[in-house]
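Undergrad: Have a look at this prediction, sequence included:
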Amino acid sequence: MEINKSSNLLETPVQYLKGVGPRRAKAFDSIEIKTLKDLIYYFPRKYLDRTTIHTIDSVKIDSKVNLVGTVKSVSLRKMRTGQFLTAKLHDDTGSINLMWFKGVDYIKDSLKDGETIAVHGKINEYKGNFQIAHPEYDKLNDNEIALSTGFLIPVYPLTEELKKVGLTSRNMRKIIYQALNSLGNISDHFTKAQLDNFELCSLDEAMRNIHCPDNIEELRLATNRLKFDEHFFLQLLLALRKKKISEKRFNTIAFKTEIYNQIVKNLNFELTKSQKNVLKEIVEDFLLEKPMNRMLQGDVGCGKTIVSILASSIVVDNGYQVAIMAPTDILAKQLYKNFTHNFEDAGIKCDILVGSLKSKEKKETLERINNGDSMVIVGTHALFQKDVFFKNLGLVIIDEQHRFGVNQRKDLLKKCTVPNLLAMTATPIPRTLAITYNGDMDLSIIDELPKNRPDIFTSQIEKNNLETAYDFITEKAKNNEQSIIVYPLIEETETQDLEAALESYIKLKDTIFKEYKVGLIHGKLDSDEKNEIMNQFISNEIQILISTTVIEVGIDNPNASVILINNCERFGLSQIHQLRGRVGRGSLTSYCILCSDTESENTKQRLSILCKTRNGFEIADEDLKLRGPGEFFGERQSGFIKFRIADLVTDGNIIRFARKKAFEIVDKDENLENSENRLIHDRFNSDYLKLFLNTTVN
């Protein structure tokens, strides 16, 4: 098939490129490369820096070098413990030994005498000779030999499917280079004026230089442009959604303070300055004719619940109902207890709606919600079921909001007379994540702890020192203080993890803690069993609670002063921080003991962050760097956007700039119908809308 240079060439099936064909096209299809457009958006994973090529006679011990030369004397050798592979690399100035101890069978089949390769590695010395152990290498074709200096060589990610059909990074370079040559000028979705305003290179320049950069600066400009595109179109979606929400007009919520003042008067503590500021922001939202759409972030124990209670009191005083949605029965019941405690003196009826309610109880509760007798309703996902009808719902509060899907939030907001939304999370979210995944919401932050919060001292121990931790827990039990011992429960190894927790429970209750009441709670128990154990723990009938991560949120026991977290290397830092927040809820000085079953220095370094700070935002930033956004919340988030080149960890400045420009455009042209924005509109609808609507951001 002859490929003509026209704008629709991007949709040409990739199999018609020379060197591809049906078999390789099928392998490409396995990684969603179907067209030339898909192919050129398959970006390199790294680059061989051949802007500085060293000669063999210039290398020095312990230096990292880039060498280009011819391979000779490839030889597989045996030793007592296995085998290793050696080869010599020659250039015009000399030769150097290359050695591999791992993957030798593959390398032996891959590397042939007489081939020219680019090598990267660290120089060391063995028996008086220079060598490189386990060098990275890349085969170079004849064209690339002539370009052995002054260029950056892209290296592409290769799946097993691609390797099976003989595709190498070298093949990929040739195929993509051919595709780029066949396309002519790649049309941009930004006008020349917009490119100047955004200080970006053209899309055509970016696509060519991401694959074939002449130097580092070209690569930097290309990378910046392509990262900007991905962040810009996501922020455009958020800007459009926020604009749509703000255009709807509803009744305002007046700042009525009768119930509010009564609750504040009964508090045994003073609100922090940060809590007061957040309440001011919420009240200002209520006074507008557009519905509130606000995210409340706050560290563990900062007092988000009382803020939500006081916000609810204003809504109730205006005659509207409030629904509070929690991810688990345990947390819902804890919130119900708190709301009831604060509202009962004002004569306001609170109800709870969870899946474990008996049929008669549920029917009576639904009737009270429907006729308006119940003004504050706390529940789980049961709240947005079809048989739940509110009389006059004016505020939805979602606790631990990241645990709910977007459609669940939408279903609950559809039941509102006035769809005000206050989403809360006790997981401090790094700013790049907050403006990416909650960028259509206004953000409030409680950034200080109440003055009456006690210290929580955090320390690390190794597994062979557990007896010391058990002795400490025993001493606290003698002093009538309670403790929690946590075991990991990870989805991939759930059965083994649960067995380990059960074995430890049996052992500890019958030996070390036999003088005390020991309880066990985990996610496999039914709701009634979990509630019974929780009630016993809160009433101090259970002194030592052994638990899986089901207690990450929901336990509020002011008498719990010690938490021992086992196998910490298997948790994210933010998840451990959440678990740590289960103690220090009252006036007792509290302790968090981190037990790791590994000698890894990396693990010790990670855990040392928790020992140094209680600042959840600092911990969250470190957690994001270590694990990435997909697993940030302690559970695999398969719906998160998989960017092609953008990086939420490192792209903070680009994200903020892209957000600023996207929101500026939507403020002036909310339908993207002005002539200068038509190309943006078309690209957004054709390429990005479907991608974003299939993720957790919508």
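TA: Thanks, I have it. Numbering: from 1, shown residues only.
Undergrad: what about the stretch 251-400 of the chain, any weak spots by pLDDT?
TA: By pLDDT under 70, the stretch 251-400 of the chain contains no weakly predicted segment.
Undergrad: residue boundaries of the helices in it?
TA: Assigned by DSSP state H, counting those that start in this stretch, the helices in the stretch 251-400 of the chain fall at 258-266, 273-286, 304-317, 329-343, 359-371.
Undergrad: and if you look at the stretch 501-650 of the chain?
TA: 527-538, 573-580, 601-612, 616-627.
Undergrad: how big is the angle separating the third one from helix 573-580?
TA: Read it as helix 601-612. With axes from the mean of the first three to the mean of the last three Cα atoms, to 10 degrees applied, the angle from helix 601-612 to helix 573-580 works out at 50 degrees.
Undergrad: thinking again about what came up before, who wins for proximity to Lys163 among the helices of the stretch 251-400 of the chain?
TA: Comparison of the helices of the stretch 251-400 of the chain against Lys163 by Cβ to Cβ identifies helix 329-343 as nearest, at 47.4 Å. C-betas here are computed from N, CA, C, even on glycine.
Undergrad: so the closest one versus helix 304-317, what angle?
TA: Put simply, helix 329-343 runs at 60 degrees to helix 304-317, going by the same axes, to 10 degrees.
Undergrad: can you pull out the strands in the stretch 151-300 of the chain?
TA: Using DSSP state E, counting those that start in this stretch, the strands assigned to the stretch 151-300 of the chain run over residues 151-155, 293-298.
Undergrad: most packed of the helices of the stretch 251-400 of the chain?
TA: helix 304-317 (a mean of 24; mean count of other Cβ atoms under 10 Å).
Undergrad: Packing partners of it?
TA: Judged by 3 or more Cβ pairs under 8 Å, 6 or more residues apart in numbering; DSSP states H and E, helix 304-317 is in contact with helix 258-266, helix 273-286, strand 293-298, strand 321-325, helix 329-343, strand 393-399, strand 416-425.
Undergrad: export the ones you listed to JSON lines and tack on distance to Leu152?
TA: Shown next, in JSON lines, are the helices and strands packed on helix 304-317 (distance: least, Cβ to Cβ, whole Å):
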{"stretch": "helix 258-266", "distance to Leu152": "62"}
{"stretch": "helix 273-286", "distance to Leu152": "48"}
{"stretch": "strand 293-298", "distance to Leu152": "41"}
{"stretch": "strand 321-325", "distance to Leu152": "51"}
{"stretch": "helix 329-343", "distance to Leu152": "51"}
{"stretch": "strand 393-399", "distance to Leu152": "47"}
{"stretch": "strand 416-425", "distance to Leu152": "41"}
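Undergrad: mind checking which of the ones you listed is nearest Arg585?
TA: Set against Arg585 and scored by Cβ to Cβ, the helices and strands packed on helix 304-317 come closest in helix 329-343, at 10.8 Å.
Undergrad: Pull the closest one out as CSV, backbone CA atoms only.
TA: The C-alpha coordinates for helix 329-343 follow below in CSV (Å, rounded to 0.1, in the frame of the first residue of the first chain):
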residue,chain,number,x,y,z
ASP,A,329,-20.1,0.0,58.5
ILE,A,330,-17.5,0.6,61.3
LEU,A,331,-16.8,4.2,60.1
ALA,A,332,-20.5,4.9,59.5
LYS,A,333,-21.4,3.8,63.0
GLN,A,334,-18.6,5.9,64.5
LEU,A,335,-19.8,9.0,62.5
TYR,A,336,-23.4,8.3,63.5
LYS,A,337,-22.3,8.2,67.2
ASN,A,338,-20.6,11.6,66.8
PHE,A,339,-23.4,13.3,64.9
THR,A,340,-26.0,12.0,67.3
HIS,A,341,-24.0,13.2,70.3
ASN,A,342,-23.8,16.7,68.9
PHE,A,343,-27.4,17.0,67.5
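Undergrad: Show me the one of the helices of the stretch 251-400 of the chain that comes nearest Thr159.
TA: Per Cβ to Cβ, nearest to Thr159 of those: helix 329-343, 41.1 Å.
Undergrad: can you list the residues that contact the closest one?
TA: With Cβ atoms under 8 Å, 6 or more residues apart in numbering as the test, helix 329-343 has contacts from 259, 263, 266, 305-306, 309, 312-313, 316, 324, 326, 350, 352, 354-356, 376, 378-380, 399-400, 527, 530-531, 534, 550-551, 553-556.
Undergrad: mind redoing it with 7 Å?
TA: By Cβ atoms under 7 Å, 6 or more residues apart in numbering, the residues outside helix 329-343 that reach it are 263, 305, 309, 324, 326, 350, 352, 354, 356, 376, 378-380, 399, 527, 530-531, 534, 553-554, 556.
Undergrad: Okay, the residue lying closest to Ile473 once chain neighbours are set aside and Ile593: tell me how far apart.
TA: Leaving aside its chain neighbours, Ile473 sits nearest to Ser483 (4.5 Å; criterion: Cβ to Cβ, 6 or more residues apart in numbering). Taking Cβ to Cβ, to the nearest Å as the measure, Ser483 falls 9 Å from Ile593.
Undergrad: who has more neighbours, these two?
TA: A count of neighbours by other Cβ atoms under 10 Å puts Ser483 above the other of Ser483 and Ile593, at 27 against 23.
Undergrad: can I assume the more buried one is in contact with Phe472?
TA: No. Ser483 lies out of contact with Phe472 (Cβ atoms under 7 Å); the separation is 8.6 Å.
Undergrad: shared neighbours of the two, which are they?
TA: Shared contacts of Ser483 and Phe472 (Cβ under 7 Å, 6+ apart): Val562.
Undergrad: Mind giving me the packing neighbours of the longest helix seen in the chain?
TA: Secondary structure assigned by DSSP state H gives helix 216-247 as the longest helix of the chain. Helix 216-247 sits against helix 203-211, helix 652-668, with contacts defined as 3 or more Cβ pairs under 7 Å, 6 or more residues apart in numbering; DSSP states H and E.
Undergrad: Can you tell me which of those helices is most buried?
TA: By mean count of other Cβ under 10 Å, the helices and strands packed on helix 216-247 have helix 203-211 as the most buried, with a mean of 21.
Undergrad: what's the average pLDDT for that one?
TA: The average pLDDT within helix 203-211 is 95.
Undergrad: How far off centre is that helix?
TA: Computed by Cα atoms, centre = their mean, to the nearest Å, the chain-centroid distance of helix 203-211 equals 29 Å.
Undergrad: Which residues outside that helix are in contact with it?
TA: With contacts defined as Cβ under 7 Å, 6+ apart, helix 203-211 is touched by 40, 43-44, 154, 176, 180, 185-186, 188, 218-219, 221-223, 225-226.
Undergrad: again with stretch 457-473
TA: Contacts of stretch 457-473 (Cβ under 7 Å, 6+ apart): 483, 512, 544, 562, 564, 580, 591-597, 604, 607, 610-611.
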